[in-house]
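Engineer: Below is the sequence, then the predicted model.
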Amino acid sequence: MKRVFLIGYMGSGKTTLGKAYSAATGLQFVDLDWYIEERMRKPISDLFAERGEEGFRLLEQRMLHEAGEFENVLIACGGGTPCFFDNMDYMNHTGETVFLDVCPEVLFRRLKIAKAKRPLLANKTDEELMQVITSALEKRLPYYTKAKWRFNAEELESYEQIDKAVDRLKKLIN
Ligand SMILES: Nc1ncnc2c1ncn2[C@@H]1O[C@H](COP(=O)(O)OP(=O)(O)O)[C@@H](O)[C@H]1O
Ligand SMILES: O=C(O)C1=C[C@@H](OP(=O)(O)O)[C@@H](O)[C@H](O)C1
Ligand SMILES: [Mg+2]
């Protein structure tokens with residue numbers, strides 16, 4: 001039985017790599033954000049707005065425990081998932097954890113074009129965005145580094161790079 005959790009900051013490529021890995025190997029893919037949106041029939045940004053971050057984190061923990069019971073699955077978490085409650089310990093006990101490591105400059109480049117759907121980043125100027133990324137990474141690194149594996153995910157920009165990353169991930173967790 002295989003159960004893998006991808007963790008890392010927003011824009012580190014959890015969804016992108018998780019989807020590609022699943023397509024290449026047949027391992028079932030669950031994106032935790034999508035799972036929550038489907039179960040609640042609402043976008044993450046609405047759930048954040050209605051419940052506040054605290055309410056969202058409670059919901060996220062509940063959904064993590066639900067999806068965490070699935071067998072033969074790769075779960076792409078949200079960027080904050082490992083950093084609340086005992087979520088990181090829970091994941092380490094129930095499966096293999098992989099931290100997608102990406103430097104702030106690359107995260108900035110990716111998130112600059114993809115921040116609108118992320119409630120913690122929407123409406124930030126470039127300067128604020130870089131500031132949010134660096135300070136959040138500093139706070140979150142102690143959680144992320146509890147993962148069993150650390151995986152460099154800085155090159156996910158083309159299909160070729162994604163294929164290579166999938167191969168590297170296969171070698172790491174098989
Ligand atoms: N070729 C690309 N060029 C620029 N940005 C990209 C490219 N591919 C992906 N991204 C962006 O980088 C981010 C990383 O992907 P994603 O898998 O959504 O990360 P995560 O799930 O870890 O937040 C996404 O927001 C995506 O829009
Ligand atoms: O880092 C975070 O706190 C969050 C990351 C998002 O997921 P991605 O990392 O997939 O963008 C999503 O769960 C929510 O917007 C909060
Ligand atoms: Mg994602």
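Structural biologist: Received the coordinates, thanks. All of these numbers come straight from a predicted model, not from anything done at the bench. Ligands and ions are numbered 1, 2, ... in the order given.
Engineer: now check the helix ranked longest in the chain, is it near ligand 2?
Structural biologist: Scanning the chain for the helix with the most residues, using DSSP state H, yields helix 44-67. Yes - residues of helix 44-67 contacting ligand 2 under Cβ under 6 Å from any ligand atom: residue 44. C-betas here are computed from N, CA, C, even on glycine.
Engineer: tell me what that helix is packed against?
Structural biologist: For helix 44-67, the packing partners by 3 or more Cβ pairs under 8 Å, 6 or more residues apart in numbering; DSSP states H and E come out as helix 32-40, strand 73-76, helix 87-94.
Engineer: residues contacting residue 13?
Structural biologist: Residues in contact with residue 13 (Cβ atoms under 8 Å, 6 or more residues apart in numbering) are 100, 102, 153, 156, 165.
Engineer: same for ligand 3: which of the residues you listed are within range?
Structural biologist: Restricting these to those touching ligand 3 (Cβ under 5 Å from the ion) yields no residues.
Engineer: Take the residues you listed and write them to a markdown table, including secondary structure, distance to ligand 1 and pLDDT.
Structural biologist: Output for those, formatted as a markdown table (DSSP: H, G, I helix; E, B strand; the rest coil; distance: Cβ to the nearest ligand atom, whole Å; pLDDT from 0 to 100):
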| residue | secondary structure | distance to ligand 1 | pLDDT |
| --- | --- | --- | --- |
| 100 | strand | 6 | 98 |
| 102 | coil | 8 | 98 |
| 153 | coil | 8 | 98 |
| 156 | coil | 6 | 92 |
| 165 | helix | 11 | 98 |
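Engineer: so where's the protein uncertain?
Structural biologist: Applying pLDDT under 70 to the chain flags no residue at all.
Engineer: still on that earlier bit, most widely separated two among the contacts of residue 13?
Structural biologist: Greatest spatial distance in those: 102 and 165, 11.4 Å, computed using Cβ to Cβ.
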